[in-house]
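Colleague: Just to be clear, the model below is a prediction. Sequence and coordinates:
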Amino acid sequence: MTIQVSVNVFVSNTKSSSKGYKGDFVYQQTSPTDKLYVQEDGSMDLSDVSDEVQIAFVWSSPWVLVDDRILNAMWGGPLNANIWISEGENSTPTSGDAPPVDPGSGDFYAPTPPANQPQNLTVVDKNDDGKKYKYTLHCWVNDGTSDGTAIFDDPKVVNRSLD
């Protein structure tokens with residue numbers, strides 16, 4: 001059985017940094033309501049969860065204030081490129097760590113939603129390897145540059161062990 005989790009993602013206090021923008025991210029799990037899987041800082045401890053977990057990240061800050069300018073912010077496409085996941089809680093995820101869109105041999109994948117559904121960033125964690133991961137979540141700010149500029153956040157994930 002797959003546990004389905006929905007999380008609103010907010011950002012405020014956005015400032016320029018060496019790799020784009022950095023902001024204060026807040027994660028608000030909206031479902032399920034009986035157990036908290038995603039903490040307010042975005043970290044997840046799934047070590048006591050016996051199933052795979054599907055997390056839908058719902059971008060909830062369509063406008064951000066950057067350097068006294070109000071700018072549009074959104075997921076960029078393709079959606080799986082908005083999250084990078086690397087093994088090790090002190091690792092540094094990079095663009096090469098985007099999960100595939102189809103399930104494969106890795107522990108994570110990020111399926112593309114059908115065109116007629118909300119374009120939320122959905123990640124499936126098979127949650128069966130007992131490892132710790134760090135992920136970088138980012139959205140894109142339409143700041144007048146050709147591709148926009150990213151806002152980054154770096155929470156952690158702990159998976160259950162099959163032992």
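Modeller: Received the coordinates, thanks.

Colleague: buried residues in stretch 20-37?
Modeller: Within stretch 20-37, the residues that count as buried by 16 or more other CB atoms under 10 Å are 20-23, 25-27, 29, 37. To be clear about C-beta, it is placed using only N, CA and C from the backbone, and glycine gets the same treatment.

Colleague: remind me which residues of this structure are low pLDDT?
Modeller: Applying pLDDT under 70 to the chain picks out residues 161-163.

Colleague: With secondary structure and distance to Lys156 added, can I get the buried residues of stretch 20-37 in a markdown table?
Modeller: Shown next, in a markdown table, are the buried residues of stretch 20-37 (DSSP: H, G, I helix; E, B strand; the rest coil; distance: CB to CB, whole Å):
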| residue | secondary structure | distance to Lys156 |
| --- | --- | --- |
| Gly20 | strand | 20 |
| Tyr21 | strand | 21 |
| Lys22 | strand | 17 |
| Gly23 | strand | 18 |
| Phe25 | strand | 13 |
| Val26 | strand | 16 |
| Tyr27 | strand | 12 |
| Gln29 | strand | 16 |
| Tyr37 | coil | 13 |
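
Colleague: which one of the residues you listed is nearest Trp63?
Modeller: Gly23 (12.4 Å; CB to CB).

Colleague: Mind listing the residues bridging to the residue minimising distance to the centre of the chain?
Modeller: Closest to where the C-alpha atoms of the chain average out (CA atoms, centre = their mean) is Leu137, at 4.2 Å. Bridge pairing for Leu137 (DSSP bridges) gives the partners Ile83, Asp153.

Colleague: buried sites along the biggest strand by length in the chain?
Modeller: Assignment by DSSP state E gives strand 2-17 as the longest strand of the chain. Within strand 2-17, the residues that count as buried by 16+ other CB under 10 Å are 3, 5-9, 11, 14.

Colleague: what's that strand packed up against?
Modeller: If you count contacts as 3 or more CB pairs under 8 Å, 6 or more residues apart in numbering; DSSP states H and E, strand 2-17 packs onto strand 20-31, strand 52-59, strand 63-66, strand 132-142, strand 149-153.

Colleague: Fine, thanks again, bye for now.
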